[in-house]
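Peer 1: Dropping the sequence and predicted coords here.
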2 protein chains.
Amino acid sequence: MSKKHYQGDSASYLAKKALFASTITVYGRNPVFEALADNTMNIIKLHLADSNKPSKAVAEMIALAEQRGIEIAYHDRKQLSRISKNSKQDQGVALDLHCPLYQSAKLLLEAPLPPRILAVDGVTNPQNLGMIIRSACAGRIDALLVPTSKGNTALSSLVIKASAGTLFKMPMYYCDDLAETLTAMKQRGADICTLSSYAKNTLFDYKAEDSAVYVLGNETDGVSKAVEAVATTGLRIPMSRGVESLNVAVTGALIAFLP
Amino acid sequence: MSKKHYQGDSASYLAKKALFASTITVYGRNPVFEALADNTMNIIKLHLADSNKPSKAVAEMIALAEQRGIEIAYHDRKQLSRISKNSKQDQGVALDLHCPLYQSAKLLLEAPLPPRILAVDGVTNPQNLGMIIRSACAGRIDALLVPTSKGNTALSSLVIKASAGTLFKMPMYYCDDLAETLTAMKQRGADICTLSSYAKNTLFDYKAEDSAVYVLGNETDGVSKAVEAVATTGLRIPMSRGVESLNVAVTGALIAFLP
């Protein structure tokens, strides 16, 4: 793409910037094909590696893209890896999806915080993240905070599938450094809540005065030390029969459906 | 095994029968090895096929079983298939685990029904079943009703794993015909509740007078027609943003943690 594109009028530049900011890139032949065949998906561009050998699968993707009027871009293998960010699994194909409700957490910090925010901190299983998005979307979560840093599962086809398509309906905000974003939210008066079996208050009794950010931690290790250091409120889920913890997606659902 | 075993005194016969009734058989080299290496597992017997070629994996299983004083039984390939009930995936090994809280639903019907029962009707994903068991165990479910008929995922190593070991702590009752068992429960005064987006009452408002049996249906098709015909009470989970359904394990968790 030539630089000229970015020298147009500023409205078009800003629109492009916003579009880029709310893009999710999926990769791999099956996920890309499925998205192309799904008319509810808002697709921006199909990316193909020059190194792809002619095959029925690739021909079908090209045909579908042409039929839907979707731009096709050809790249050398290295460029494609930079787009998919997963050269081992992209199989030479990637697809940019437009996700209008996926935006920078900076936007969330520009306005008064909504009452109930859910954040994930090191959730690694795409199935779990997809289920969390689905419950958050169906329940009473106003915004979902999703770090893009290492140790967090990326928004992929697996996540979209496990979210049952709700990923496109849920207001989601990305940030690079979760602890930093949570600190900014705390400064704006939000409670930063983590789950802890030793906490005095239960999840079900607690009411935030203003805003609450509930943080779900890693499947094995819970929330990170950096986030624990920012947390203001420990909450306990009372459990029977000596059970020590719940699945993280289940915990997310209990939070999402609090009255 | 000779018939003689079953001609002993009746107390020993009944004890054997009860043991058989509360046995879960897992299969496959990894699951069997993991269970053998886990000292918290109450193991009854290791089954090996005569057809297994000598290998490090099998030798390690035998060594672990001998070390723990676990009975080892050798079978021809056909017999082993009958034990594992999955000849395609058993890899010539199976393991009987004692699960004292896994019993016939007939026992549940012999006493007054507990207030909150959760039933699964056609849940096919072992991950979902394991998560349902874990939430039921940690929450306020008194008994879990698990049909063994076709179309229901069997209690396998995958289920044990997804249950995070809670399968051994949760009172679970098996039945062959769920609709029949639910009919008997209805006759004893229980409400048979299914989830429906068209229902007037919500899950969160409803209170059973006596006992409630909540039925979770298949991941795609919901509850079966036979069960729907027995149901007395439709309940709705209010959802935001036009979301139509929740993951079945999430629904199970919301039921398990009702106040």
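Peer 2: That came through fine. Note that this is a predicted model, so its numbers are computed, not measured. Residues are numbered from 1 along each chain as shown, chains lettered A, B, ... in the order given.
Peer 1: going forward, measure contacts and count neighbours with C-alpha atoms only.
Peer 2: Will do.
Peer 1: Make sure residue A:114 is actually in contact with residue A:142.
Peer 2: Yes: distance between residue A:114 and residue A:142: 6.2 Å, which falls inside the contact criterion (C-alpha atoms under 8 Å).
Peer 1: got any residues that touch both of those two?
Peer 2: Counting by C-alpha atoms under 8 Å, 6 or more residues apart in numbering or on different chains, residue A:114 and residue A:142 have no common neighbour.
Peer 1: mind listing the helices for chain A?
Peer 2: Along chain A, counting by DSSP state H, helices occupy A:10-21, A:29-37, A:56-67, A:77-84, A:105-110, A:126-138, A:157-162, A:178-187, A:225-230, A:248-256.
Peer 1: Name the stretch from those helices that approaches chain B most closely.
Peer 2: Counting by C-alpha to the nearest C-alpha, chain B lies closest to helix A:126-138 out of the helices of chain A; the figure is 4.6 Å.
Peer 1: helices or strands next to the closest one in the packing?
Peer 2: helix A:157-162, helix A:248-256 (3 or more C-alpha pairs under 8 Å, 6 or more residues apart in numbering or on different chains; DSSP states H and E).
Peer 1: can you put the helices of chain A in TSV and add mean pLDDT and mean neighbour count?
Peer 2: Formatted as TSV, the helices of chain A follow (pLDDT from 0 to 100; neighbours: other C-alpha atoms under 10 Å in any protein chain shown):
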stretch	mean pLDDT	mean neighbour count
helix A:10-21	66	13
helix A:29-37	88	19
helix A:56-67	95	14
helix A:77-84	94	17
helix A:105-110	94	14
helix A:126-138	97	27
helix A:157-162	87	20
helix A:178-187	98	18
helix A:225-230	98	15
helix A:248-256	98	25
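Peer 1: Pipe those helices into a markdown table and attach distance to residue B:167 per row.
Peer 2: Output for these, formatted as a markdown table (distance: least, C-alpha to C-alpha, whole Å):
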| stretch | distance to residue B:167 |
| --- | --- |
| helix A:10-21 | 44 |
| helix A:29-37 | 34 |
| helix A:56-67 | 43 |
| helix A:77-84 | 40 |
| helix A:105-110 | 40 |
| helix A:126-138 | 20 |
| helix A:157-162 | 24 |
| helix A:178-187 | 35 |
| helix A:225-230 | 31 |
| helix A:248-256 | 17 |
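Peer 1: if we can go back for a sec, list just the one of the helices and strands packed on helix A:126-138 that sits closest to residue A:91.
Peer 2: helix A:157-162 (13.8 Å; C-alpha to C-alpha).
Peer 1: For residue A:218, find the nearest of the helices of chain A.
Peer 2: helix A:248-256 (7.8 Å).
Peer 1: interface residues of chain A facing chain B?
Peer 2: Residues of chain A found near chain B (C-alpha under 8 Å from any C-alpha of the partner chain) are A:131, A:134-135, A:137-140, A:166, A:169-170, A:238-243, A:245-247, A:249-250, A:253-254, A:257.
Peer 1: does residue A:222 really touch residue A:215, like I thought?
Peer 2: No: contact criterion C-alpha under 8 Å: residue A:222 and residue A:215 do not qualify, at 9.5 Å.
Peer 1: Looking at these two, which one has more neighbours?
Peer 2: Under the criterion of other C-alpha atoms under 10 Å in any protein chain shown, the comparison of residue A:222 against residue A:215 puts residue A:215 first, with 24 against 18.
Peer 1: Report the beta-bridge partner residues of the more buried one.
Peer 2: residue A:119, residue A:194 (DSSP bridges).
Peer 1: okay but it is in contact with residue A:193, surely?
Peer 2: Yes: taking C-alpha under 8 Å as the definition, residue A:215 is a contact partner of residue A:193 at 6.1 Å.
Peer 1: show me what contacts residue A:73?
Peer 2: Applying C-alpha under 8 Å, 6+ apart, the residues near residue A:73 are A:45-48.
Peer 1: For chain B, state which of those residues is nearest.
Peer 2: The nearest one, if we look at the contacts of residue A:73 relative to chain B and count by C-alpha to the nearest C-alpha, is residue A:45, at 27.1 Å.
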